[in-house]
Structure formats: structure tokens, C-alpha cells
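Colleague: Return atomic coordinates for the entry below.
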Amino acid sequence: MSTQAWFNRVWYEEAAPRWWLVPFSLIYGAICAVRRMSYRRGWRARVRIERPVVVIGNLSVGGTGKTPLVMWLSARLRAGGRKPGIVTRGYAGKLRGVHLVAPTADAALVGDEPLLLARGTGVPVAVGVQRPAAAQLLVDAGCDVILCDDGLQHYALERDCELAVVDAERRFGNGWLLPAGPLREPPERLETVQAVIFNAGGVSSADPATAAAAALPASAAGYPATLPLLRMRLDASHAVALRDGARKPLTGFAGRTVHALAAIGNPQGFFQMLRGFGITVIEHALPDHAALGAADLVFDDEHPVLMTEKDAVKCGTWIDARHWSVPVEVRFLGADGRALLEIVVKCIDAARREPSAALRLPTR
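Modeller: The predicted structure follows:
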């Protein structure tokens with residue numbers, strides 16, 4: 001069992017945290033509180049750039065669907081006549097400093113998620129640990145709205161809108177901060193965001209009724225009464241051959257055995273989604289952002305190899321006719337997508353009218 005898998009079991013399947021991790025969580029929480037206070041009181045500088053900034057983040061580590069939501073929002077803003085750009089950290093990329101990402105870049109250099117965003121959105125993507133500097137690259141490139149993929153906890157860049165994505169099934173796990181639990185900040189942090197989006201995860205489009213029910217919060221208890229609680233799911237319907245781009249319905253794999261590869265925060269979500277199409281899955285769960293080599297992609301049989309889009313950009317030269325990518329698309333339930341877009345546009349317009357305004361920092 002990998003370290004990531006062990007922590008996921010402790011965080012999401014056990015009722016109480018391991019006692020020996022609790023002191024480290026208390027220390028982590030104190031450090032986070034001091035850090036937030038340092039920005040709130042001006043001891044550490046916050047940078048306001050000349051464009052509205054929208055942060056799409058989460059409270060827990062691991063995948064909650066932030067990147068697909070960034071892609072969805074980017075497309076909607078472009079359709080509305082805006083020129084969005086995307087800032088992302090570029091985790092696991094080897095390049096240092098800040099830089100723009102070309103669709104032809106090497107995932108090993110820029111990171112898997114930045115390359116996926118650059119190829120999947122068609123908008124400028126900037127990578128860098130220093131998010132204000134990366135955001136300025138996008139301003140210089142002509143962007144009029146900055147979307148941050150992750151960054152809820154990166155307070156150096158002032159923001160005009162914050163959206164928090166929550167896994168509808170796993171929620172906040174055991175409720176503890178790292179490392180005893182999965183949380184990077186306490187749930188009270190949601191008091192300062194503009195909306196919470198519950199993500200049902202990778203759900204088979206073959207059963208939309210089940211998908212809709214899965215995305216519904218069981219209860220709004222514990223969330224601010226005035227906070228919009230919206231619902232989305234990740235819809236998968238087909239696979240794309242990595243060799244020639246051919247498309248095949250996922251129903252075409254029903255009754256067959258496949259190797260399923262996922263180097264993401266929640267691999268089980270991907271595996272369960274495939275099983276929803278009647279596919280027999282041989283699981284290959286790797287750590288989030290893991291580099292891929294021949295041993296991860298080439299097997300001694302003829303079973304198809306299905307993987308996430310984030311993994312597909314890292315495949316290199318080892319692909320053959322067995323290798324397929326499974327794209328997902330954000331689907332909102334009811335009018336929730338329209339409601340989210342209205343919230344974001346309202347924040348963007350307010351920032352343009354009052355460019356000196358900024359969201360208040362959380363006090364907890």
C-alpha cells in the first residue's frame with residue numbers, strides 16, 4: 001500500500017485519527033492561524049493585480065474536481081466575451097520561476113495539470129509557485145480575468161471571488177487538519193467563500209438519476225445559512241485513443257476487462273466510474289502527479305488501458321492501440337451552473353468598478 005493510499009484510508013475510512021498524528025495536526029493548525037494573521041494584519045504583503053481574480057480551491061488535499069471546474073468556467077467566460085487566463089502551481093514540474101505553458105510543452109517540465117489546461121482550454125496558462133508573478137504574466141498576455149486552479153490557501157495574491165469544491169461523498173473525512181486528517185484549513189474557512197460546489201466525482205453518464213442523487217448534499221447543517229450550495233458531477237461518455245484520436249463510447253468496453261490507470265488524488269473515483277459502465281477493472285492507482293514509465297503503461301496482455309486525461313499527457317512514446325484517455329466534463333444539476341456563473345460574473349464586475357476592493361481574510 002502506498003503512503004497516499006494509507007493516509008486516505010486513515011482520513012476517510014476510520015472514525016478517529018491516529019493518536020500519534022494529532023500533535024502534528026495541532027502544530028499545523030497553529031502555523032496556519034499565524035500565517036493567516038500575518039497577511040490579515042499586513043505583516044506579509046498581499047499583491048493586487050489589475051484584473052479580477054477568481055480562485056477555485058478546496059479545503060482538503062487530493063482531487064475534488066477543481067481542474068475540470070476551472071476548464072468549465074474558462075469556457076463559459078470566453079463564451080461571454082471575456083479573455084480568461086489560468087494560474088496554476090505546476091506541481092511536479094521541473095521548471096522553476098514563472099512561465100507560460102505551450103500546448104506542446106513537456107509535462108515533465110511544466111506539470112501534468114498545466115499542460116492539460118493549456119491543451120483543453122485554449123486560453124493562456126501561467127505556472128509558478130509565486131502566484132502574483134504568474135498572474136502578472138497573464139495580464140501582460142492580454143487576459144482580463146484570472147482564474148486560479150487551487151490557491152485558496154495562497155493569500156499573497158488578492159482575490160475577488162473564492163469558490164470551494166467539496167467531494168460530495170468523502171466531504172472532510174474525519175474532520176482533522178493535516179496530517180491526522182485531510183484538511184488544509186478548518187471547515188469554518190467556508191464562511192468567507194462565495195459558493196461551495198459539491199462534486200459527485202466521476203459518475204457514469206449511463207445512469208444520470210444516480211449521478212444527480214450522488215451530488216446532492218445530505219444536509220446543509222454546518223454550512224453558513226447564506227452560502228450558496230451548488231451541485232455538479234463529472235460526466236464521462238467515451239474514450240479517446242491516444243495513438244490516433246479515435247473515439248469509442250465507454251459502453252463499448254462493457255463486459256470487458258481493462259487496466260485502469262489513475263495518478264490522481266482520488267483514484268477510486270475513476271475506477272468506480274468505469275465500473276458504472278459494466279467494465280471489469282484491474283486497478284493501477286499511483287500517487288497524485290506521479291511520472292509514468294513503460295512499467296506503468298505496458299502490460300503482458302491485450303487488455304485495453306484506460307486512464308485519466310491528466311495521466312494521458314504524460315505517456316511519452318510508450319503508447320499503442322491499447323491506450324485510451326477518458327475525458328470528463330462538468331455537468332451541473334438543475335440551474336446550479338447558471339447560478340455559479342452569475343456569482344462569478346457579479347464578483348468580476350464589482351472588482352472592475354472598485355479595483356481597490358479585496359475579499360477579507362478569514363479570521364480562523
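Colleague: Okay, domains of this structure per the record?
Modeller: Per automatic domain parsing, the domain ranges recorded for the chain read 3-234+331-353, 236-330.
Colleague: Any chance of CSV for those domains, columns mean pLDDT and mean neighbour count?
Modeller: The C-beta positions use only the backbone N, C-alpha and C, and glycine is treated the same way. Listed next are the domains of the chain as CSV, based on pLDDT from 0 to 100; neighbours: other Cβ atoms under 10 Å:
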stretch, mean pLDDT, mean neighbour count
domain 3-234+331-353, 90, 19
domain 236-330, 94, 18
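Colleague: what's the next secondary structure element after the helix or strand residue 87 falls within?
Modeller: Element membership for residue 87, per DSSP states H and E: strand 84-88. Per DSSP H and E, strand 84-88 leads on to strand 99-100 as the next helix or strand towards the C-terminus.
Colleague: That next one pairs with which strands?
Modeller: When pairing is defined by DSSP bridges, strand 99-100 lines up against strand 125-127 (antiparallel).
Colleague: A helix includes residue 170, no?
Modeller: No: looking at residue 170 with DSSP: H, G, I helix; E, B strand; the rest coil, it is coil, so not inside a helix.
Colleague: and it, what does it touch?
Modeller: Residue 170 sits next to 12, 60, 182, 266 when contact means Cβ atoms under 8 Å, 6 or more residues apart in numbering.
Colleague: With distance to residue 325 and secondary structure as added columns, please give these in JSON lines.
Modeller: Shown next, in JSON lines, are the contacts of residue 170 (distance: Cβ to Cβ, whole Å; DSSP: H, G, I helix; E, B strand; the rest coil):
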{"residue": "12", "distance to residue 325": "27", "secondary structure": "helix"}
{"residue": "60", "distance to residue 325": "26", "secondary structure": "strand"}
{"residue": "182", "distance to residue 325": "27", "secondary structure": "coil"}
{"residue": "266", "distance to residue 325": "18", "secondary structure": "coil"}
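Colleague: Those residues into CSV, with extra columns for distance to residue 173?
Modeller: Compiled in CSV, the contacts of residue 170 are given as follows (distance: Cβ to Cβ, whole Å):
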residue, distance to residue 173
12, 5
60, 7
182, 4
266, 11
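Colleague: one step back: pull the distance from the strand holding residue 87 to the chain's centre.
Modeller: Offset of strand 84-88 from its chain centre (Cα atoms, centre = their mean, to the nearest Å): 13 Å.
Colleague: what packs against that strand?
Modeller: Packed against strand 84-88 by the contact rule (3 or more Cβ pairs under 8 Å, 6 or more residues apart in numbering; DSSP states H and E) you find helix 66-79, helix 112-121, strand 125-127, helix 131-140, strand 145-149.
Colleague: As JSON lines, the ones you listed with distance to residue 234 would be great.
Modeller: Formatted as JSON lines, the helices and strands packed on strand 84-88 follow (distance: least, Cβ to Cβ, whole Å):
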{"stretch": "helix 66-79", "distance to residue 234": "6"}
{"stretch": "helix 112-121", "distance to residue 234": "14"}
{"stretch": "strand 125-127", "distance to residue 234": "21"}
{"stretch": "helix 131-140", "distance to residue 234": "26"}
{"stretch": "strand 145-149", "distance to residue 234": "15"}
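Colleague: what's the closest of those to residue 168?
Modeller: helix 66-79 (13.3 Å; Cβ to Cβ).
Colleague: Run the chain-centre distance for that closest one.
Modeller: Taking mean C-alpha positions (Cα atoms, centre = their mean), helix 66-79 and its chain are 12 Å apart.
Colleague: Now do that helix: everything it contacts.
Modeller: 54, 56-58, 84, 86, 113, 116-117, 120-123, 145, 147, 149-150, 163, 165, 197, 199, 232, 234, 310, 328-330, 337, 340-341, 344.
Colleague: Run the angle between it and strand 84-88 for me.
Modeller: If you take axes from the mean of the first three to the mean of the last three Cα atoms, to 10 degrees, helix 66-79 sits at 160 degrees to strand 84-88.
Colleague: Convert the C-alpha atoms of helix 66-79 to CSV, please.
Modeller: The C-alpha coordinates for helix 66-79 follow below in CSV (Å, rounded to 0.1, in the frame of the first residue of the first chain):
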residue,chain,number,x,y,z
LYS,A,66,-11.1,21.7,-9.2
THR,A,67,-9.3,21.4,-12.6
PRO,A,68,-12.4,20.3,-14.6
LEU,A,69,-14.4,23.2,-13.0
VAL,A,70,-11.7,25.7,-14.0
MET,A,71,-12.0,24.4,-17.6
TRP,A,72,-15.8,24.7,-17.5
LEU,A,73,-15.6,28.2,-16.1
SER,A,74,-13.0,29.3,-18.6
ALA,A,75,-15.2,28.1,-21.5
ARG,A,76,-18.2,30.0,-20.1
LEU,A,77,-16.3,33.2,-19.6
ARG,A,78,-14.9,33.0,-23.1
ALA,A,79,-18.4,32.5,-24.5
